[in-house]
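Participant: Next input, structure requested:
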Amino acid sequence: MTSLKKHHRNGRAHFSGHETFPLRQMWLKKAFDQSGAEGVILKSVFTDASAVATFGVGKNMVASIRHWALACGVMRDTNEGFRVGDMVKEILKDGGLDPYAENPSTAWLAHWQLAGKCFRSTTWYWLFNHVTAPTFTRQELEAPLANYARELDPKHRLASATISRDLETCLRSYAPRAAGGSPEDLAEPLLGELGLLQEVHKNQYTFRRGPKASLHDGVFAYALVDFWNRAAPHQSSLAFETIAYAEGSPGRVFKLDEESIAQRLIALSDFTGRKLEWTDSAGLRQVYRKDLEKENIRDMIRRAYD
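Facilitator: Next comes the predicted model:
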């Protein structure tokens with residue numbers, strides 16, 4: 001059995017910043033649009049008195065947009081400001097691959113950043129990688145999540161109300177409240193269209209496992225390579241069980257069943273021009289990779305918008 005790096009444990013738990021607003025469809029674009037020709041967003045854009053007018057939302061929502069843009073990897077914090085990546089530009093620029101964040105691939109990529117990486121989104125990562133109960137309520141999740149946070153960051157003292165609010169925001173991101181809430185609650189969150197989580201009874205949720213028709217092979221291939229680079233960067237092969245079940249793996253984060261994963265892995269060889277190759281011989285099911293360049297990985301994402 002190969003050893004996988006615990007790539008998520010950076011010693012810091014993060015449970016706030018979204019001001020309890022789930023990520024909305026146009027918010028990543030709103031943040032991106034503040035970037036200049038050099039791909040830098042001035043930090044003051046989010047804090048100036050004019051921020052409310054700039055973004056067209058209330059002050060708390062401006063803070064939420066900033067949080068989501070960081071958590072979803074649209075921008076990263078640097079000394080000169082928030083820097084936008086080249087691939088993000090290709091997707092969100094006017095006339096880009098998906099300027100209005102309407103394509104499901106954008107939502108799947110955002111989900112992967114939140115639930116696959118544990119960066120500014122501890123609850124998202126924990127929910128999709130550690131919760132195995134067939135159904136659960138927010139209240140049932142609070143104590144185990146608090147324990148997880150203490151393991152990650154023993155010195156950090158977290159109020160139970162903070163964890164409760166973060167869980168509530170996470171669950172509403174995927175399973176919006178039913179009719180009867182305020183108009184704010186009915187604004188469709190970006191991740192709600194993915195069909196990953198369902199409210200089966202009032203306040204009781206279940207994961208929806210299965211094929212995920214809107215998940216493009218390009219996003220799956222990108223996520224697989226991203227997971228591989230962090231979990232087992234020096235290995236030339238990765239076992240089926242690792243891809244399906246390991247913490248932070250595409251199988252867990254996308255809630256795919258075994259048959260769906262196998263079908264996607266079989267298709268990888270053609271899709272990647274044999275850069276990723278599936279083998280199933282003598283009872284050994286694994287994927288091999290060879291000579292994957294950064295441009296190959298970017299191309300996987302581009303093709304998810306075909």
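Participant: Just the CA trace of the helix or strand where G218 lies, in PDB.
Facilitator: Secondary structure assignment for G218, by DSSP states H and E: helix 217-231. Presented in PDB, the C-alpha positions along helix 217-231 are these (Å, rounded to 0.1, in the frame of the first residue of the first chain):
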ATOM      1  CA  ASP A 217     -14.200  14.500 -17.800                       C
ATOM      2  CA  GLY A 218     -11.900  17.500 -18.100                       C
ATOM      3  CA  VAL A 219     -12.700  18.600 -14.500                       C
ATOM      4  CA  PHE A 220     -12.400  15.000 -13.300                       C
ATOM      5  CA  ALA A 221      -9.000  14.600 -14.900                       C
ATOM      6  CA  TYR A 222      -7.800  17.900 -13.600                       C
ATOM      7  CA  ALA A 223      -9.000  17.000 -10.000                       C
ATOM      8  CA  LEU A 224      -7.300  13.600 -10.300                       C
ATOM      9  CA  VAL A 225      -4.000  15.200 -11.200                       C
ATOM     10  CA  ASP A 226      -4.300  17.900  -8.600                       C
ATOM     11  CA  PHE A 227      -5.000  15.300  -5.900                       C
ATOM     12  CA  TRP A 228      -2.100  13.100  -7.200                       C
ATOM     13  CA  ASN A 229       0.300  16.000  -7.100                       C
ATOM     14  CA  ARG A 230      -0.400  16.800  -3.500                       C
ATOM     15  CA  ALA A 231      -1.000  13.300  -2.100                       C
END
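Participant: ok, E259 to Y148 distance?
Facilitator: 30 Å (Cβ to Cβ, to the nearest Å). Placement of C-beta: from N, CA and C, glycine included.
Participant: can you check A71 too?
Facilitator: Distance check for A71 against Y148: by Cβ to Cβ, it reads 18 Å.
Participant: same check, this time on Q34
Facilitator: 34 Å.
Participant: Between these two, which has more neighbouring residues?
Facilitator: Q34 (21 against 18; other Cβ atoms under 10 Å).
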